[in-house]
Every structure is written in C-alpha cells, then in structure tokens.
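> take a look and give me a structure for this.
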Amino acid sequence: MGDAVDAERPELAAIDAFLRHLSSERRVSEYTVRNYGAALRRFADFLRGRGWEGDWNAVVPAQARGYLIESQRDLSRRTVHNHFSGLRTFFHWRRQRGATANPLAGISLPKLPKSLPKFLTEKQMKTLLDGPMRLLDNESIEPFMAWRDRLMMELLYGAGLRVSELVSLNYGMIDPQGVARVVGKGQKERLCPIGKVALVVMEKFKREFAPRTDRDAAILVSEKGKRITVRQVQLILKKYLGLADLPMDLSPHKLRHSYATHLLNHGADLRIVQELLGHASLSTTQIYTHVGVARLQEAHRRAHPRA
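Predicted coordinates for the structure are as follows:
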C-alpha cells in the first residue's frame, strides 16, 4: 500500500496508517488510495528538502503555502487540487485522532478552469457500440470477445456506470427487470436501470459464453473466466475508438458523460439524472445542462443571420 517504513523516515508510518484507513475503513477506490499516497509522499519529500524531520505535528501553514507555490510550477491546477484534497483528508484524519494543528487551514487553491465534459454524439455512440459486431461479422474476433466487449460498452453507456462499478458487477446485482444495484463513491448504493438493449446482450452472453452465472459470479470476465480490470476496460475501449475513428483519448468515463448528456437532451429531469449518476450534489449534475446549452448556442451561431 505505502512504501516500507524506514527508521529514518518516521512520517511514512503515519502515511501508511492513513492509507490503510482509507482502504479498509472508508473503502475508497484503489485509485484514490494510490493518488493520496503519492501526494503525501511528495509533500513529505518537499518538507524533508527544507530541514523537516518527519514530525507531522511540526508542519506549519507557511510550509504548506510554500508547497502550494512549488507545486504549481510543474503540476496542472487540477492535479494540485487533487493533491491538496489528499493532504486535507490526511490532516483531518489526524485531527480526529488528537492532533491539534491543521497547517492547511485557510489556504486557498488556484481556481480551476471551467471546462465542459467531453461526450459522444448519439451517432458516434452508435458507431462505437456497433464495433464488436462489425469485427465479428468480419471474423476478426472470437464470438466470446465480441459479445463480452459489446456488453461492456452497453453497460457503461446504458447504465451510466463508473468503470470501477462496471468491473464490480455480479449477476446477482441485476434484477430480472434490468435494474442494477451498484455501490458507488462513499459506499453509497443506488439503482441503475441498464436498458433493454444491454439486458438483451447480457442474457445472450450469460446464456452462451459465461463460464459462471451464479449470483456472485462476475459479469465481465476474461476468456479464462477472471474478472476484468479497470485497465483492461480502458484498453478494450481504445480498440473500438480506433475502429470508429474517434479520439483515442476518450476514457470509459466519457461514456458516462454521454449517458447523462443524452438523457437531458431527451427531456430527463435533472434530479432524476443526479440520482442515476449517484452525484451527492445537484451542482455536479448541472454541468451536463451546460453541455446542452453550449450545443444550442453553437447551432444558433451557425444558423442565425444575427448571431
């Protein structure tokens, strides 16, 4: 989880204990644990380079401000925000355990640039989803892989799942009506309809290709029957992005963006979309309304003589 604790680096023991807390008690994702660990070790290295001896109680706001200034020289603003999220969580955890100081109190981070989420149009989405069957028709892929890959993308887009939620899906988590019960961020459970098409594809795969179909069996598996990983999902998607002549930097999360955007474009209520996505705050979901507005503005600009 963390680096081996060194007698000359006593601060690493606290970092490792914090990461264990995140993983075992708060059950945050491996991705978050890894990133928070990297942020804390980077901060510790910065402090060490300025004479700090590893006592977290001795860290003062001036050092944290210095680290913020230093970080902005070689990290993006978003990465700086992510790093400081890890540092704030760490010092909050320490205060819960009796520490009195919080050196990050009162520190303001640089504002993030406002950017709209990337998403695929409905036409692009259809081309992407058709990819596995195109390869199967050309005999360029085995039937198992074609139907597994199609199921993977149909679930991502049909249910708006996070990729971590996708790879965790078991057959017992989806009821006969096609509603998945998933556990998202913060161990919050929510219901996600997966859609008729995804349900049909899943039943086909389950009936003809799945090595196991009991309630605890993983839905998305390799040819050897092992649950596929987040990294495998990313690589599989890249193959079909290339086949569809779509940007290769589109991540599985962009299918979730497309899901939300298409729902709102077809008149779905914003609060329902919030619930489907598992967003804690409505403001997080509202960015997808901005996508729709931007699309309308662009159409107006292109077509109206006074635009």
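> which residues touch the most centrally placed residue in the chain?
Residue closest to the average C-alpha location in the chain (Cα atoms, centre = their mean): residue 162, at 5.5 Å. With Cβ atoms under 8 Å, 6 or more residues apart in numbering as the criterion, the residues that contact residue 162 are 184-185, 253, 256, 278. (C-beta placed from N, C-alpha, C; glycine too.)
> rerun at 10 Å
29, 156, 168, 182, 184-185, 230, 252-253, 256, 277-278 (Cβ atoms under 10 Å, 6 or more residues apart in numbering).
> now stretch 173-191: buried residues?
173-174, 178, 180, 182, 184 (16 or more other Cβ atoms under 10 Å).
> no wait, stretch 189-198
192-195, 198.
> secondary structure class for residue 181?
State at residue 181, reduced to three classes by DSSP: H, G, I helix; E, B strand; the rest coil: strand.
> and the helices in the chain, which stretches?
11-20, 30-48, 61-71, 77-96, 122-137, 143-159, 163-167, 196-208, 230-243, 252-265, 270-277, 282-303 (DSSP state H).
> between those, which has the poorest mean confidence score?
Ranked by mean pLDDT, these bottom out at helix 282-303, with a mean of 64.
> before we move on, back to that, want to throw the buried residues of stretch 173-191 into TSV with distance to residue 264 and pLDDT?
Converted to TSV, the buried residues of stretch 173-191 look like this (distance: Cβ to Cβ, whole Å; pLDDT from 0 to 100):
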residue	distance to residue 264	pLDDT
173	26	95
174	25	93
178	21	89
180	21	90
182	21	87
184	20	77
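> what distance do you get for residue 212 to residue 239?
Separation of residue 212 from residue 239 (Cβ to Cβ, to the nearest Å): 25 Å.
> scratch that, residue 184 is what I was asking about
27 Å.
> go through stretch 266-273 and flag the buried ones.
Neighbour-count burial for stretch 266-273 flags residue 273 (criterion: 16+ other Cβ under 10 Å).
> does residue 60 touch residue 107 like I think?
No - the pair residue 60 and residue 107 fails to qualify as a contact (Cβ atoms under 10 Å) at a distance of 11.5 Å.
> neighbour-wise, which of these two wins?
residue 107 (15 against 11; other Cβ atoms under 10 Å).
> and residue 266, backbone torsions?
The phi/psi pair for residue 266 (degrees, to the nearest 10) reads phi -100, psi 20.
> residues contacting it?
residue 122.
> hmm, back to that, go through the helices of the chain and name the closest to residue 223.
The minimum distance between residue 223 and the helices of the chain falls on helix 143-159, with 6.0 Å, by Cβ to Cβ.
> that closest one - contacts with which helices or strands?
helix 122-137, helix 163-167, strand 179-183, strand 189-193, helix 196-208, helix 230-243, helix 252-265 (3 or more Cβ pairs under 10 Å, 6 or more residues apart in numbering; DSSP states H and E).
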